[in-house]
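# Coordinates only, no sequence provided:
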Ligand code: PLP
């Protein structure tokens, strides 16, 4: 057998990628599949300013390596953005630009965590966190959050989960997959626990990649703005979600200098720097007319309401109304153990997702990928047609009428 690094065998296979490749296979066989609801990717184009800057960068010859940490111009734009929109102060040497939020989270974990450390990962979690933690040698400690409290982190539970070994807490706000957007007050309750003398050793990785995508007037607060939290927080953000620039592979970390320096050192040996063309486009994105993004967020809120109303028509499905990101994470476990018209018994979420894909050509992701096997994830950052055409409501309704 092929000799592999044991690190690889410790990793889970990505369910999201597995579903996605099934969808691609079906498409290549000429089958019509609705694959829009299974990916974490908005369906609108990037801001026009960013597209224009992409072309400009190539023509103007901005095609060389940049500084490892990113161009000064982009770091300046990020610094200004964080000041203006998030009221948080980071100088240009407290910012590291990387090839996406995912990569910079990985690098931060590798630089700061090691064997013997614990990293608290609230569940349901973004599918990559536990594996990224494991790659660093640290152990993910899964801390459940409840649908009944909209999947917000419970401060009392957090206090009970922290041990002397806890190195880091991951806060994904708004959350993929639940869409839970915690208010400043809810974050304040977390900060209060971290301020206690016995919890001074805990860092926070605050993944704020969905910060611009909040609904119902909710004002997103950056964790670093909370009292005493700045120096202990690693703020993660990027261009994939609100700016819809997933393929540009551009994200960043903002944190105290020593952290940025260590994470940059690692990056210098991994990728050297993010794409120079992408970085040029990133500057334009941060300085774009934000009314473009605001309008997309209004549309997303309408799509959330549409998807919620369709889901409400299906009996025995529970789903708290999310106030951020672009996912619904309904509990569909009432359907486990029921039989389909073809006498197939659906035992769990993975089987249900496969059934929906094969029978109704709708791709969704089983909740087990996010640490909650009772649920499945649906992205509504799709066209309204994709949402309504979804026959998953009919699938659940009709398939189980017996
Ligand atoms: N963090 C969360 C919660 C995400 O959902 C994603 C993308 O799906 C990322 C980070 C990484 O995004 P990217 O690497 O495209 O910047």
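Cool, got the structure. What you see is a predicted model, and the numbers here were worked out from it, not measured in a lab.
# For the rest of this, base every contact and every neighbour count on C-alpha atoms.
Fine.
# what about residue 28, neighbour count?
Residue 28 is flanked by 10 other residues according to other CA atoms under 10 Å.
# Could you give the number of residues near residue 72?
For residue 72, using other CA under 10 Å, the count is 14.
# Kindly apply the preceding question to residue 134 instead.
Quick note: residue 134 (other CA under 10 Å) scores 22 neighbours.
# Check the secondary structure at it for me.
Here residue 134 is recorded as helix under DSSP: H, G, I helix; E, B strand; the rest coil.
# doesn't residue 11 make contact with it?
Yes: under the criterion of CA atoms under 8 Å, residue 134 makes contact with residue 11 at 7.5 Å.
# Next, residue 204: phi, psi?
The phi/psi pair for residue 204 (degrees, to the nearest 10) reads phi -120, psi 130.
# shouldn't it be in contact with residue 166?
No: counting by CA under 8 Å, residue 204 stays clear of residue 166, with 10.6 Å between them.
# Between those two, which contacts overlap?
By CA atoms under 8 Å, 6 or more residues apart in numbering, residue 204 and residue 166 have no common neighbours.
# do you know how far residue 154 is from the ligand?
When distance is defined by CA to the nearest ligand atom, to the nearest Å, residue 154 is 19 Å away from the ligand.
# number of nearby residues for that residue?
18.
# OK, contacts around it?
Residue 154 makes contacts with 145, 190, as judged by CA under 8 Å, 6+ apart.
# Could you rerun that using 10 Å?
Contact analysis of residue 154 by CA atoms under 10 Å, 6 or more residues apart in numbering lists 122, 143, 144, 145, 146, 186, 187, 189, 190.
# Not counting sequence-adjacent ones, nearest residue to the residue most central in space within the chain?
In the chain, the centroid-proximal residue (CA atoms, centre = their mean) is residue 176; its distance is 4.4 Å. Excluding the flanking residues, the one nearest residue 176 by CA to CA, 6 or more residues apart in numbering is residue 126, at 5.4 Å.
# quick one: the one you found and residue 177 touch, right?
Yes: proximity of residue 126 to residue 177 meets the contact threshold set by CA atoms under 10 Å, at 6.2 Å.
# Which stretches in the stretch 301-402 of the chain count as helices?
For the stretch 301-402 of the chain, applying DSSP state H, counting those that start in this stretch gives helices covering 349-360, 384-389, 392-399.
# and the longest one, which residues are buried?
Within helix 349-360, the residues scored as buried using 16 or more other CA atoms under 10 Å are 349, 350, 352, 353, 354, 355, 356, 357, 360.
# For residue 114, state which of those residues is nearest.
Taking CA to CA as the measure, residue 350 is the one of the buried residues of helix 349-360 closest to residue 114, at 32.4 Å.
# Name all residues that make contact with that closest one.
So residue 350 contacts 15, 19, 356, 364-369, 373-376 (CA under 10 Å, 6+ apart).
# Tell me which of the residues you listed fall in strands.
Members of the contacts of residue 350 lying in strands (criterion: DSSP state E): 365, 366, 376.
# export these to TSV and tack on pLDDT, distance to residue 287 and neighbour count?
As requested, the ones in strands among the contacts of residue 350 are exported to TSV (pLDDT from 0 to 100; distance: CA to CA, whole Å; neighbours: other CA atoms under 10 Å):
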residue	pLDDT	distance to residue 287	neighbour count
365	94	35	28
366	94	37	27
376	95	36	26
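# ok, so of the residues you listed, who is nearest the ligand?
Nearest to the ligand out of these is residue 365 (CA to the nearest ligand atom; 13.1 Å).
# Around the ligand, pick out the residues from this structure.
Residues of the chain lying close to the ligand (CA under 6 Å from any ligand atom) are 40, 100-102, 126, 172, 176, 207, 209, 238, 240, 246, 249-251.
# list the helices and strands whichever strand or helix holds residue 252 packs on?
If you go by DSSP states H and E, residue 252 is part of strand 251-254. Counting contacts by 3 or more CA pairs under 10 Å, 6 or more residues apart in numbering; DSSP states H and E, strand 251-254 is packed against helix 72-86, strand 95-98, helix 101-112, strand 203-207, strand 233-238, helix 257-270.
# relative to helix 257-270, how tilted is the third one?
So the one you mean is helix 101-112. Angle, helix 101-112 to helix 257-270, by axes from the mean of the first three to the mean of the last three CA atoms, to 10 degrees: 110 degrees.
# what's the distance between residue 371 and the ligand?
In terms of CA to the nearest ligand atom, residue 371 sits 14 Å off from the ligand.
# hang on, the earlier thing: which ChimeraX command selects the buried ones in the residues of the chain next to the ligand?
For the buried members of those, the matching ChimeraX selection, counting by 16+ other CA under 10 Å, is:
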select :40,100,101,102,126,172,176,207,209,238,240,246,249,250,251
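# any idea which of the residues of the chain next to the ligand is least confident?
In terms of pLDDT, the lowest of the residues of the chain next to the ligand is residue 40, showing 86.
# Please look at that one and residue 240 and confirm they touch.
Yes: if you go by CA under 10 Å, residue 40 and residue 240 touch, sitting 9.2 Å apart.
# okay, and the common contacts of these two?
Residues touching both residue 40 and residue 240 (CA under 10 Å, 6+ apart) are residue 246.
# quick one: low-confidence parts of this protein?
By pLDDT under 70, the weakly predicted segments of the chain are 390-402.
# Domain map for it?
With domains defined by automatic domain parsing, the chain comprises 6-33+291-399, 48-286.
# OK, contacts around the residue nearest to residue 176?
Contacts for residue 126 (CA under 10 Å, 6+ apart) come out as 172, 175, 176, 177, 178, 369, 370, 371.
# cool, and residue 31?
Residue 31 makes contacts with 23, 24, 25, 361, as judged by CA under 10 Å, 6+ apart.
# Also residue 265?
Taking CA under 10 Å, 6+ apart, we find residue 265 in contact with 68, 69, 107, 111, 259, 272.
# out of these, which is most surrounded?
When neighbours are taken as other CA under 10 Å, the top entry among those is residue 69 (27 neighbours).
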